[in-house]
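In: Provided below for reference: sequence and predicted model.
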Amino acid sequence: QVQLVESGGGLVQAGGSLRLSCAASAPTYVMGWFRQAPGKEREFVAALDWSGSTSQYGDSVKGRFTISTGDSQNTVSLQMNSLKPEDTAVYSCAAGRNYRRDYGALSAYEWWGQGTQVTVSS
């Protein structure tokens, strides 16, 4: 069982930036972020494989968000720039044990964090 711990959520004004981090208790093949706003389905945000060479992004965040390996082992960071009110959601870290062509699918992940709230005010 891999445990995931997120940090870095909060309140920011539109146009601002936030950085989320996720620490895994053991190595995994891929780590990613999903988000879910009230009344909406969970949405893929970004993913990064263990080598750091393969990243994928959801269409709504391309060009604004960047996923990268963290400063510590088994961590990833999500740098979120040019934030919009529609980015408001609970952001959850996820991790998977296997290669997948599409890391935007929920089925690619075995472990999930508790989530952290990101609120963007207009």
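Out: Right, received. Where do you want to start?

In: Geometric centre of this structure: which residue is closest?
Out: Trp33 (2.2 Å; Cα atoms, centre = their mean).

In: Bridged to that residue, which residues?
Out: Ala46, Cys93 (DSSP bridges).

In: Report the contact partners of it.
Out: Trp33 sits next to 20, 22, 45-47, 67, 76, 78, 91-94 when contact means Cβ atoms under 8 Å, 6 or more residues apart in numbering. For the C-beta atoms, the positions are set from N, CA and C on the backbone; glycine is no exception.

In: go on, Tyr103?
Out: Taking Cβ under 8 Å, 6+ apart, we find Tyr103 in contact with 30, 32, 44, 47, 49, 56, 96.

In: switch the cut-off to 7 Å
Out: Tyr103 is in contact with 30, 32, 47, 56, counting by Cβ atoms under 7 Å, 6 or more residues apart in numbering.

In: Near the residue nearest to Ala14 when sequence neighbours are not counted, how many other residues are there?
Out: Of all residues not flanking Ala14 in the chain, Ser122 sits nearest, at 5.3 Å (Cβ to Cβ, 6 or more residues apart in numbering). Ser122: 9 surrounding residues under other Cβ atoms under 10 Å.

In: And the pLDDT for Ser122?
Out: In this model, Ser122 is scored at 93, pLDDT.

In: same thing with Glu41?
Out: 96.

In: Neighbours of it, how many?
Out: Glu41, neighbours per other Cβ under 10 Å, totals 8.

In: And it, its phi and psi?
Out: phi -80, psi 160 (degrees, to the nearest 10).

In: Quick check, Ser82 in contact with Gln13.
Out: No: Ser82 is beyond contact range of Gln13, at 11.5 Å (criterion: Cβ atoms under 7 Å).

In: more neighbours, these two?
Out: Comparing Ser82 with Gln13 by other Cβ under 10 Å, the one with more neighbours is Ser82, at 13 against 10.
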